[in-house]
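J.: only geometry, no sequence info:
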């Protein structure tokens, strides 16, 4: 049985072997030796690179566009219940070098 996303589209498109995903759940896949981008909203499969190496170059050339990470980062910062200035902010565990503090 294919994964959840592929199962929803299997009646009209086979995206191939999905190996990466952007912020918006669009998949990058290998189909018939070509790297494709599978749009999760429309089901359109678009060839983007001839090889994995060329795909990596494409992602690195404009990672903001191809991965959408700045949008995810802004969303996370706007919804983080513990901003970095808060006493409850996440800190590295002491194994990672944080100083131990008494909780009393």
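T.: Sure, I can see it. Everything quoted here is computed from the prediction, not taken from an experiment.
J.: please enumerate the strands of this protein.
T.: 17-21, 27-31, 34-38, 45-49 (DSSP state E).
J.: the first one vs strand 27-31, what angle?
T.: Think strand 17-21. For strand 17-21 against strand 27-31, the angle by axes from the mean of the first three to the mean of the last three Cα atoms, to 10 degrees is 150 degrees.
J.: list the contacts for residue 21?
T.: 27, 28 (Cβ atoms under 8 Å, 6 or more residues apart in numbering). Where C-beta positions appear, they are placed from N, C-alpha and C, glycine not excepted.
J.: partner residues bridging it?
T.: Under the criterion DSSP bridges, residue 21 forms beta bridges with residue 27.
J.: distance check, it against residue 80.
T.: Distance of residue 21 to residue 80, computed by Cβ to Cβ, to the nearest Å: 22 Å.
J.: about what we covered before: a markdown table please, covering the strands of the chain and showing distance to residue 62 and mean pLDDT.
T.: Putting the strands of the chain into a markdown table (distance: least, Cβ to Cβ, whole Å; pLDDT from 0 to 100) gives the following:
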| stretch | distance to residue 62 | mean pLDDT |
| --- | --- | --- |
| strand 17-21 | 15 | 90 |
| strand 27-31 | 14 | 93 |
| strand 34-38 | 13 | 94 |
| strand 45-49 | 12 | 95 |
